[in-house]
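[1] Structure, please.
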Amino acid sequence: MTTIISFLLIIYSLFLLVYSFFVMTRNNNSPQKSDIVTNKYCILIPARNESQVIEQLLISIEKQTEKISSKDVYIIVESKEDPTVEIVKKHNMNIIYRKDLTKKRKGYALDDAIKEIISKNKKYDAYFIFDADNILDKNYIKEMVNSIEDGYDIGISYRNTKNSSTLVAASSALTFSMINTIGNKLKSKYTNNLTISGTGYYIKGSLVEDWQGFPFNTLTEDYELTLYSTLNNLTTTYNEKAIFYDEQPDSFKVSMKQRTRWVKGYFEARKIYIKDIRRNLDYKDKNYGSKISTVIGVKPLIYLLIGVLLLVVSSLTINDITAFIKTLVIVLLLIYLELAGITYIIIKSEKDKLNLNVSKIKLTLYNPLFLLSYIPCLMISIFKRNLGWEEIKHNKKLVD
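    All right, here's what the predicted structure looks like:
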């Protein structure tokens, strides 16, 4: 009986994957080109204790081929004693001080900044959001303006890496390649809502003015914004010509903490939005594909994992311990080889665009283990209730 259930779960997971792709291709959520563009853009940068890295970002903003005035760059800090303040002043950019320091998440920092900007009656076509450890390619804004002028509500960009000299950092970079180069590129082709991850994106100014702030404050405010966009049929696009560089954790311990928080935030955000998205399902909806795919989420992977585990367990109940060990080894080897194959595809699809400074063979062999470590991340996120925001120290500079 266990064997039958395991096969049914595996078949069902594959069905969900195929169905999700089928409805994705039937989406029709295209933008309407904007007639009114004032070419006024602002940049928001949450930067608590980021004096080690922020100057490279500010310099990269000043070097943009599409100029943004220093008066339209806003750096958000918590204290006047933060060394970041003096660096910002040197570049004649705006400093915004947090109002309520008991609220530690990035979403609250962005909310404080936007409310202060709106209170000064300033209007922008788009708000760009970056982390302090980011660095922009010189044509970043120029390329993203094309997406703004095409009328997209939200645009995300190509996330490259500042550092990838360790296998952990390189694997972390590949995770975003999986999300963007494979996932979001395909979603963008079929007008589906993209998965917003981290920073390096813009939001249309009219949306921000309607919100009168930034109303997304879960552990993963980026994924919460993704769900909001899906529910409200916002148009999103992936602009791979707009490139920015992001720091990746070198330490496996730091990476585990970071990814556990992401997993916790994933389910936290879904708890808020999924019921409403499910209620709004209508096959006549132009954004039906996005909504179905979002409701399905990671269920295929979970069902597949449970099915495989049951298959392994069934070998123990039916045969002896030797058969169980043999089945376990075969299953683990197949999973490993499949993930190694996916890793190889990602590396090949990136070609030489992604800044990787490790052996591609070693990375192909290591990355499956990195991906499998999301399983303990999931377990920890389930059983650890008070999983709050933790500061991650940034200190990497972009190596040319």
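
[2] shouldn't Thr218 be in contact with Gly107?
    Yes. Using Cβ atoms under 8 Å, Thr218 makes contact with Gly107 at a distance of 7.1 Å. Every C-beta, even on glycine, is put in place using the N, C-alpha and C of the backbone.

[3] Need the residues touching each of those two.
    Residues touching both Thr218 and Gly107 (Cβ atoms under 8 Å, 6 or more residues apart in numbering): Glu224.

[4] Let's verify Tyr238: helix, strand, or coil?
    At Tyr238 the chain is in strand, as set by DSSP: H, G, I helix; E, B strand; the rest coil.

[5] Which residues are in contact with Thr195?
    Counting by Cβ under 8 Å, 6+ apart, Thr195 touches Ile179, Gly183, Asn184, Lys187, Tyr223, Thr226.

[6] Could you list which of these belong to helices?
    Lys187, Tyr223, Thr226 (DSSP state H).

[7] Quickly note the distance from the last one to Thr3.
    Looking back up the chat, that one is Thr226. 38 Å (Cβ to Cβ, to the nearest Å).

[8] The second one now?
    As judged by Cβ to Cβ, Tyr223 and Thr3 stand 36 Å apart.

[9] and if you look at the first one?
    Distance from Lys187 to Thr3, counting by Cβ to Cβ: 36 Å.

[10] picking that back up, out of the ones in helices among the contacts of Thr195, the closest to Trp211 would be?
    Trp211 lies nearest to Thr226 out of the ones in helices among the contacts of Thr195, by Cβ to Cβ, at 15.4 Å.

[11] hmm, back to that, neighbour count winner among Lys187 and Thr3?
    For Lys187 versus Thr3, neighbours defined as other Cβ atoms under 10 Å are more numerous around Lys187 (23 against 14).

[12] Isn't that one up against Met24?
    Yes. Taking contacts as Cβ under 8 Å, Lys187 lies within contact range of Met24: 6.9 Å.

[13] Overlap in contacts, those two.
    Common neighbours of Lys187 and Met24 (criterion: Cβ under 8 Å, 6+ apart): Ser290.

[14] Alpha carbons of stretch 185-201, as CSV, please.
    These are the backbone C-alpha positions of stretch 185-201, laid out as CSV (Å, rounded to 0.1, in the frame of the first residue of the first chain):
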residue,chain,number,x,y,z
LYS,A,185,12.9,34.7,-18.1
LEU,A,186,10.3,32.1,-19.0
LYS,A,187,7.6,33.8,-16.9
SER,A,188,8.4,37.1,-18.6
LYS,A,189,8.0,35.5,-22.0
TYR,A,190,4.5,34.4,-21.2
THR,A,191,3.5,37.6,-19.2
ASN,A,192,3.4,35.8,-15.9
ASN,A,193,4.2,37.5,-12.6
LEU,A,194,7.9,37.2,-11.8
THR,A,195,9.4,36.0,-8.6
ILE,A,196,10.9,39.1,-7.0
SER,A,197,14.0,38.1,-5.0
GLY,A,198,16.1,40.5,-2.9
THR,A,199,16.7,43.9,-4.5
GLY,A,200,17.6,45.3,-7.9
TYR,A,201,14.1,46.1,-9.0
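
[15] which of the residues in it are buried?
    Of all the residues in stretch 185-201, those buried under the rule 16 or more other Cβ atoms under 10 Å are 187-188, 190-201.

[16] Also stretch 171-185?
    Across stretch 171-185, burial judged by 16+ other Cβ under 10 Å covers 171-181, 183-184.

[17] Among the residues you listed, which one sits closest to Gln52?
    Nearest to Gln52 among the buried residues of stretch 171-185, with distances taken as Cβ to Cβ, is Ser172, at 19.0 Å.

[18] how close does the closest one sit to Ile61?
    Taken as Cβ to Cβ, the span from Ser172 to Ile61 is 24 Å.

[19] likewise Asn121?
    Relative to Ile61, and taking Cβ to Cβ, Asn121 is found at 24 Å.

[20] So for the two, which residue has more residues nearby?
    Per other Cβ under 10 Å, whichever of Asn121 and Ile61 has more neighbours is Ile61, with 24 against 6.

[21] Could you look up the SS state of the more buried one?
    Under three-state DSSP, the three-state class of Ile61 is helix.

[22] Isn't it up against Leu136?
    Yes. When contacts are counted by Cβ under 8 Å, Ile61 is listed as touching Leu136 (6.4 Å).

[23] Now the nearest residue in space to Asn239 that is not next to it in sequence: which helix or strand?
    Of all residues not flanking Asn239 in the chain, Ser147 sits nearest, at 4.9 Å (Cβ to Cβ, 6 or more residues apart in numbering). Assigned by DSSP states H and E, Ser147 falls within helix 140-149.

[24] any weak-confidence spans in the stretch 301-400 of the chain?
    316-319, 386-400 (pLDDT under 70).

[25] Could you pick out the longest helix of the chain?
    From DSSP H, the single longest helix across the chain is helix 321-350.

[26] buried set for that helix?
    Quick answer for helix 321-350 (16+ other Cβ under 10 Å): Phe324, Thr327, Leu328, Ile335, Leu339, Ala340, Ile342, Thr343, Ile346, Ile347, Glu350.

[27] Who are the packing partners of that helix?
    When contacts are defined as 3 or more Cβ pairs under 8 Å, 6 or more residues apart in numbering; DSSP states H and E, helix 321-350 packs onto helix 167-177, helix 299-318, helix 360-372.

[28] hmm, who's touching the shortest one?
    Counting contacts by Cβ under 8 Å, 6+ apart, the residues outside helix 167-177 that touch it are 159-161, 163-164, 197-198, 246, 248-252, 255, 343, 346-347, 349-350, 354-358, 362-363, 366-367, 370-371.
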